[in-house]
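1. Take this sequence and fold it.
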Amino acid sequence: MHGLVGRYGERKVYYAGRNRGGRMLANALGRALWLKAVYTGGVKWILAASVWTGVLAVGAVAGGAGDCPPAGDPVVAGEALTHGPYLGHVDHESARLWMRMSVAGAYVLSWGTGSEALAVIPENDLCATFTLVDLAPQSEVVYTLRRAADEDVLLTGSLCTGPRPESGERVRLVFGSCANDLKRPQQEIWARIMEEAPDALVLLGDTPYIDSTELSIQRRRYREFFSQAQMAPVLKAVPTYATWDDHDFGRNYTDGLLAGKENSRQAFLEYHANPSAGEEGAGIFTSFRRGPVEVFLLDTRWFAGTEPSFADPDAPTLLGARQWAWLRRGLQASDAPFKLLACGMIWNGATRPGKTDHWGSYVHEREALFRWLGEQGISGVVLVGGDIHRTRVVRHAAAQLDGAGLVEWITSPLAYSVIKAANAPHPGLLYDGGLTDTCLVFDIEVAAQAARLLGRIIDPAGKVHFSLEQRAPLTGASGH
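-> The predicted structure follows:
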C-alpha cells in the first residue's frame, strides 16, 4: 500500500498516492465512496467528508506539477448503463472506454475538443467502446455521454492518461488468471488489486469461466462476471487488458479447431476494449506500452493446431504464422527495457499428468522463439502465464540466450480452487504455491544504469509469498 491510510468514523480511507496520480478509495460498511483531490500550490490535498458525521478530514501528499488528479467515481443518470464505464486501453495520447447501455440508440461521448458518436445496437449486445484521441500525457480527461436525440447527459466521468513511452516513471502492473465467480463468489482478490493501485490490470484468461461457444451464453457470462460488486470498482478505475484461455475461449483443453470459436471472438470484442485484436479477423493478440515496459499479450488458443508450425512443418502450430510474424515485428521495434510475453498457458510442461495444453507440447515453437531472441540480441524479456491453478516461478535455462535464461511467472488462480497435482518437478523451479486467491504484481522503474522489475506474488491480505527482482539494460530498439 502506497501513500496514506486513515480511518474516519467506521470507514477505512485509502489514498494510493504515487507521483503519476494514484487513486483514492474509501471503503465503507456496505458502500464505497470515491474522493477527489484538490490542487493548491503543487500539493495534493485530500478531502474526505464523513457520510455519517459530517466531519471533513484533510490530508496532503507532495506531488509534482505534471501529476494527474485521481479519477472520481463516474456519475450515471438513472439506469442509462447496465455496466461501466470501464477503462480499457489507456496510453499517453488516447484512451478506450467501454460500457453497455440499457437501450439501443445513437450516443455521443464528448471530451475536451473531441467527440465520438456510436450507434448502439442489439446485434452488439448493446455494448459500446469509445476511443478518446488527441489527449495530453499524464492529464485528467473529463468526458460526458449524451443521447444524440435529445442531448440529455447520461454520464459524467474522468480518466487519467499515461506517461510518454520514453518516460522513466515507475509503473505498476497486475496480472491474474482463473476467477470463477460461480463456484467462488467471494472474489476477495479484487479489493487487494484496488489497494495496489496499479497502472494497468492484465487478465490472462478463464476470466470468466464460460465453457460454451454459444453467443448468448458467452454474452451472459461476461455480463454476470463484470457485474460483480467486488470487481466493478477495479474496472472503472484501472485500465484493463485481457486475453483468453480455454474456458472463456470455449471449452476446457481446446485448441483452434474448436467449432464456434468465431462466436467467442465476437463476444470477446464486444466486452473488451483492448488496443487491437489480432489481424484480419483472426485471433485476439495485442500489445501495449506503459513507460519502461511493453506487454505482448498472446493468443494461444485461436491458431493452435490449425496449420503446420513455422518452426517445424511436421508439427502443429501454437501461435500461427501470422501471430509469429507480428510478435517478431513488435519485439524488434520495441525500445522498452522490459518486454513481457504474456498468455493464458504456462510456458513449460511441468504440470499435472495428462494435461497437454501448454508450451511444453509445442516445444519446437518455444525453442524457435528463444533462439530468435538470442540471435536478435533482445534483452529484458519476461514470460507470464496462468491456467494451472498453481502459482509458480520457473527459470528457463535457454542456452540460446548465452546462458542468461528467462524467468517465467505463473499466476493462477485469482479466485478458485488449487490443483495439487500441478506441483510437478522442474529443474528451474524457484517457487511453487497453492493459493486459492492470488495475483502477480510487477513494479518497473528506470535507474541510472538499468531498468528494474520487482515481481511479487500476493494474496488478498497483501502478504507477499514470493518476490524476485530482475534487471534489464537501457537500450534502444532491439534487433539487427
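2. tell me the contacts of the most centrally placed residue in the chain?
-> Centroid-nearest residue in the chain, with CA atoms, centre = their mean: residue 202, separated by 1.8 Å. Counting by CB atoms under 8 Å, 6 or more residues apart in numbering, residue 202 touches 173, 174, 175, 176, 240, 241, 242, 295, 297, 342, 384. Just so you know, the C-beta spots here come from the backbone N, C-alpha and C atoms, and that holds for glycine as well.
3. Now the two most distant members of these.
-> Among the contacts of residue 202, the pair separated by the greatest distance (CB to CB) is 240 and 384, at 15.6 Å.
4. tell me the mean pLDDT over stretch 337-348?
-> For stretch 337-348, the mean per-residue pLDDT is 98.
5. Need the distance between the two termini of that stretch.
-> 24 Å (CA to CA, to the nearest Å).
6. so which helix or strand takes in residue 383?
-> Following DSSP states H and E, one finds residue 383 within strand 381-385.
7. and the next helix or strand after that strand, what does it pack onto?
-> Next helix or strand after strand 381-385 toward the C-terminus (DSSP H and E): strand 391-396. Here strand 391-396 touches strand 406-410, strand 429-433, strand 450-458, strand 464-473, going by 3 or more CB pairs under 8 Å, 6 or more residues apart in numbering; DSSP states H and E.
8. Repeat the analysis, applying 7 Å as the threshold.
-> strand 406-410, strand 429-433 (3 or more CB pairs under 7 Å, 6 or more residues apart in numbering; DSSP states H and E).
9. Tell me which of these sits most buried.
-> strand 406-410 (a mean of 24; mean count of other CB atoms under 10 Å).
10. and for that strand, what are the contacting residues?
-> 346-348, 381-386, 388, 390-396, 398, 440, 455, 468, 470 (CB atoms under 7 Å, 6 or more residues apart in numbering).
11. Check stretch 348-364 too.
-> By CB under 7 Å, 6+ apart, stretch 348-364 touches 246, 253, 309, 311-312, 315, 318, 345-347, 366, 388, 394, 408, 419, 421-422, 424-426.
12. That one: which residues count as buried?
-> By neighbour count on 16 or more other CB atoms under 10 Å, the buried set for stretch 348-364 is 348-351, 355, 357-364.
13. would a markdown table of the residues you listed with distance to residue 122 and secondary structure be doable?
-> Listed next are the buried residues of stretch 348-364 as a markdown table, based on distance: CB to CB, whole Å; DSSP: H, G, I helix; E, B strand; the rest coil:
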| residue | distance to residue 122 | secondary structure |
| --- | --- | --- |
| 348 | 44 | coil |
| 349 | 44 | coil |
| 350 | 46 | coil |
| 351 | 42 | coil |
| 355 | 39 | coil |
| 357 | 35 | coil |
| 358 | 39 | coil |
| 359 | 40 | helix |
| 360 | 43 | helix |
| 361 | 40 | helix |
| 362 | 40 | helix |
| 363 | 45 | helix |
| 364 | 45 | helix |
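14. possible to save the helices and strands packed on strand 391-396 as CSV with mean pLDDT and distance to residue 214?
-> What follows is these, written out as CSV (pLDDT from 0 to 100; distance: least, CB to CB, whole Å):
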stretch, mean pLDDT, distance to residue 214
strand 406-410, 98, 30
strand 429-433, 98, 35
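15. Between those, which one is closest to residue 79.
-> Nearest of the helices and strands packed on strand 391-396 (CB to CB): strand 406-410, 40.8 Å.
16. from what I can see residue 458 touches residue 439, true?
-> Yes: between residue 458 and residue 439 there is a contact under CB atoms under 7 Å: 6.3 Å.
17. more neighbours, these two?
-> residue 439 (29 against 23; other CB atoms under 10 Å).
18. With adjacent residues omitted, what lies nearest to the more buried one?
-> residue 176 (4.2 Å; CB to CB, 6 or more residues apart in numbering).
19. All set, thanks.
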